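Novice: Could you look at this predicted model? Sequence included:
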Amino acid sequence: MRVTPAACGGVAVVAVAAGAGIVVDPVAVLAAAVAVVLVAIIALRPVWTAHIALFLAATTLPAALPYYLPAGPATVFLFEPLLYIAAAYAIWTFPPGRAAVRCLVAFAVLLAVPLVHGYVAGHSVIVILSEARGLGAVGAALVVTACLIGTEHARGLLLTLASSLWTSALFTVLGSATGLPLNGRMENAGLSVSGVEVGAAAVRLLTPASHVADAVLSACLALLVTGRTGVRRLLPYLVPALVISFLGFSRNTLLAIAAAVVVAVAVDRSRRSLTGMLRVLAATAVTVAVLAGFAASPAPGSAWVSLQGDAFYERVIVGALDPDIRRRDASALAREVENQFAVAAIREAPLTGHGLGYAYRPAYGPRDTFTATVGPYYVHNFYLWLLVKAGVLGLAAWLSATLYPLLLHLRRPGPQGMAFVGAAVGLLAVCLVAPLPTGIDDGGSVVSGVLLGGLLARDAGRRSSGGAPAPEATRSASTASIPRPPQQAPGPLSR
């Protein structure tokens, strides 16, 4: 580009206008700059919207960086518009296969019917839209992964996942060790047993990366147990996922990885699964021994490691396996009451449910608290929530959209198929105690959509970048192992 007086004058005018804007209203200038950058990305590199959306949805970042922006009486999460733009680009450039289309139709029915039902019943429009956003994000993320995995963009998505995990692990450690405020929830890791706080005073971090880490752990363990992929290829994903899940002190993690390992062994049906389980157990024992030795030493940071280990043992291990603790755990007791209200509501309308926006239980507690605002509509057991809102028909639509892609991979799945099977089964198990598909504010809905889309990507893998059939892409989509990142890759109630 030639440097001319007119060009220099234009740059000067823009600079002066930007400087004046920063002085008068810096937020507006920042918003305008972000808008210009996004328009440029959409016009020049539309596939980048998928990478940015997935990174923003599932990465732990400091609270100083906003995760959402206010929009009137509601909020808009930064990844939401990008996710839908990415879905439009993906479905236009790499049309999905028939299996993905069937699942999208099931999701459309699952979302539209209870939404219209709730509106006709006169429920709050704000609550209806709030409950619908999670399922909408599941569908959009499903489209993105189902269409892009199996194309030349798949490796880039894995690098985005690796960078997200390492970034999240770094800020999670900083948040735990220094108290750095993060997006998400930071709370004491102790259990409330019979009204008394029990446990170490470690900081528990539940962030947008928590569900991603559990899914990655489930996928990696399924691959390791069945011997589909070597450990060195999994370390760039396994190490940060372990750090994030460990510092989340969530019993959901144990549920997810247990379900993933059991299903992986059942699907593999070979002796190597037993060998793989022994190797995983041996590696776990060695890791625990090393950490215990470090915690007992006078080395810098050993006290912090010891505190985290005590908290994990007391909350996750004892809290999950001790039946006496479970009987007196305030969180478990609250969920039992919650389930009783949900079952009563289901009996009133078992076939079609009550529609989105329905309050299945009365509000309680101080104003502006969770139990007084979101609690009347929220059920930890996603399947009960679905029965309350959409009835048996809605549950059937959900099962048809999730079990069908799982069945596609149960006959000799390759590494990619085994990874997605393990992670998806872990997700479905966790849905018994956490409504991940409705979790628009914690990354749960995006993770759900990515896993389901990955199961359906076998059809997408039959297309080359130009949309023509590519037999070699079919083989790579179903049998290729997880690629190794390059060396410079960066390293809603208690659960």
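Specialist: All right, it came through fine. Numbering: from 1, shown residues only.
Novice: you'd agree Ala296 is up against Ser302?
Specialist: Yes. Between Ala296 and Ser302 there is a contact under Cβ atoms under 8 Å: 7.3 Å. Using the backbone N, CA and C atoms, a C-beta is placed for each residue, glycine as well.
Novice: Of the two, give the one with the bigger neighbour count.
Specialist: Ser302 (15 against 11; other Cβ atoms under 10 Å).
Novice: Just give the nearest non-adjacent residue to the more buried one, would you?
Specialist: Ala295 (5.3 Å; Cβ to Cβ, 6 or more residues apart in numbering).
Novice: pLDDT at that neighbour, what is it?
Specialist: pLDDT for Ala295: 85.
Novice: Can you tell me the SS state at it?
Specialist: Under DSSP: H, G, I helix; E, B strand; the rest coil, the three-state class of Ala295 is helix.
Novice: and it, how many residues sit next to it?
Specialist: 18.
Novice: quick one: contacts for it?
Specialist: Ser302, Ala303, Val305, Ser306, Gly309 (Cβ atoms under 8 Å, 6 or more residues apart in numbering).
Novice: Make a ChimeraX selection of the buried ones in those residues.
Specialist: The buried residues among these can be selected in ChimeraX (16 or more other Cβ atoms under 10 Å) with this line:
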select :305,306,309
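Novice: and which of the contacts of Ala295 is nearest to Arg367?
Specialist: Comparing these against Arg367 with Cβ to Cβ places Gly309 closest, at 39.2 Å.
Novice: From Val120, how far out is the closest one?
Specialist: 53 Å (Cβ to Cβ, to the nearest Å).
Novice: again with Ser218
Specialist: 39 Å.
Novice: When those two are compared, which one has more neighbours?
Specialist: Ser218 (33 against 9).
Novice: The more buried one in helix, strand or coil?
Specialist: helix.
Novice: Asp442 belongs to a helix?
Specialist: No. Assessed with three-state DSSP, Asp442 is coil; it does not lie in a helix.
Novice: show me what contacts it?
Specialist: Counting by Cβ under 8 Å, 6+ apart, Asp442 has contacts Gly184, Leu206, Thr207, Pro208, Ser210, His211, Pro492.
Novice: can you give me phi and psi for Ala359?
Specialist: phi -90, psi 110 (degrees, to the nearest 10).
Novice: Contacts only, for the closest residue to it other than its chain neighbours.
Specialist: Using Cβ to Cβ, 6+ apart and skipping residues adjacent in sequence, the residue nearest Ala359 is Pro376, 3.9 Å away. Contacts for Pro376 were tallied using Cβ under 8 Å, 6+ apart; they are Ala359, Tyr360, Arg361, Pro362, Ala363.
Novice: What remains of those if I keep only buried residues?
Specialist: Ala359, Tyr360, Arg361.
Novice: List just the nearest of the residues you listed to Ala401.
Specialist: Distances from Ala401 to these, taken by Cβ to Cβ, are shortest for Tyr360, at 23.3 Å.
Novice: That closest one - nearest residue in space that isn't next to it in sequence?
Specialist: Nearest to Tyr360 is Ala345, by Cβ to Cβ, 6+ apart, at 4.0 Å.
Novice: Show me which positions of whichever strand or helix holds that neighbour end up buried.
Specialist: Secondary structure from DSSP states H and E places Ala345 in helix 330-348. Of the residues in helix 330-348, Ser331, Ala332, Ala334, Arg335, Glu338, Phe341, Ala342, Ala345, Ile346 count as buried by neighbour count, 16+ other Cβ under 10 Å.
Novice: what do you get for stretch 226-239?
Specialist: Thr226, Gly227, Arg228, Thr229, Arg233, Leu234, Pro236, Tyr237, Leu238.
Novice: Take those residues and lay them out in CSV including secondary structure.
Specialist: Compiled in CSV, these are given as follows (three-state DSSP):
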residue, secondary structure
Thr226, helix
Gly227, coil
Arg228, coil
Thr229, coil
Arg233, helix
Leu234, helix
Pro236, helix
Tyr237, helix
Leu238, helix
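Novice: Among the residues you listed, which one sits closest to Leu158?
Specialist: Once Cβ to Cβ is applied, the member of the buried residues of stretch 226-239 that ends up nearest Leu158 is Tyr237, at 8.4 Å.
Novice: tally of neighbours for Glu321?
Specialist: Check again: residue 321 is Leu, not Glu. 11.
Novice: cool, and the one 4 residues further on?
Specialist: Here the count is done by other Cβ under 10 Å, and Ile325 has 18 residues near it.
Novice: Going along the chain, name the strands of the stretch 251-400 of the chain.
Specialist: Assigned by DSSP state E, counting those that start in this stretch, the stretch 251-400 of the chain shows no strands.
Novice: show me where pLDDT drops low in the stretch 1-150 of the chain?
Specialist: Low-confidence segments of the stretch 1-150 of the chain (pLDDT under 70): 1-35.
Novice: Now with 50, please.
Specialist: Counting by pLDDT under 50, the stretch 1-150 of the chain shows low-confidence ranges at 1, 3, 9, 11-14.
Novice: now the helices for it?
Specialist: 5-24, 26-44, 48-58, 79-93, 98-120, 125-148 (DSSP state H, counting those that start in this stretch).
Novice: And the stretch 351-495 of the chain, by the same measure?
Specialist: Under DSSP H, counting those that start in this stretch, the stretch 351-495 of the chain gives helices at 370-373, 382-408, 415-430, 444-455, 457-460, 471-479.
Novice: so of those, which one's packed in deepest?
Specialist: Mean neighbour count (mean count of other Cβ atoms under 10 Å) peaks for helix 444-455 among the helices of the stretch 351-495 of the chain, with a mean of 29.
Novice: Could you list every helix and strand that that helix packs against?
Specialist: Contact analysis of helix 444-455 by 3 or more Cβ pairs under 8 Å, 6 or more residues apart in numbering; DSSP states H and E lists helix 48-58, helix 125-148, helix 210-226, helix 382-408, helix 415-430 as its packing neighbours.
Novice: I'd like those as JSON lines, with distance to Val316 appended.
Specialist: Formatted as JSON lines, the helices and strands packed on helix 444-455 follow (distance: least, Cβ to Cβ, whole Å):
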{"stretch": "helix 48-58", "distance to Val316": "22"}
{"stretch": "helix 125-148", "distance to Val316": "26"}
{"stretch": "helix 210-226", "distance to Val316": "12"}
{"stretch": "helix 382-408", "distance to Val316": "21"}
{"stretch": "helix 415-430", "distance to Val316": "14"}
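Novice: out of these, nearest to Thr75?
Specialist: Across these, Thr75 has its closest neighbour in helix 125-148 (9.4 Å, Cβ to Cβ).
Novice: quick check: angle from the next helix or strand after the closest one to helix 415-430?
Specialist: Next helix or strand after helix 125-148 toward the C-terminus (DSSP H and E): helix 154-178. Using axes from the mean of the first three to the mean of the last three Cα atoms, to 10 degrees, the inter-axis angle of helix 154-178 relative to helix 415-430 is 40 degrees.
Novice: Dump the helix or strand just after helix 154-178 to PDB, keeping only the CA atoms.
Specialist: Going down the chain from helix 154-178, the next helix or strand is strand 185-188, by DSSP H and E. Presented in PDB, the C-alpha positions along strand 185-188 are these (Å, rounded to 0.1, in the frame of the first residue of the first chain):
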ATOM      1  CA  ARG A 185     -17.100 -20.000  41.500                       C
ATOM      2  CA  MET A 186     -14.500 -19.900  44.200                       C
ATOM      3  CA  GLU A 187     -15.600 -21.400  47.500                       C
ATOM      4  CA  ASN A 188     -14.400 -23.500  50.500                       C
END
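Novice: And strand 185-188, what's buried?
Specialist: Met186, Asn188.
Novice: Paired strands for it, with orientation please.
Specialist: Counting by DSSP bridges, the strands paired with strand 185-188 are strand 203-206 (antiparallel).
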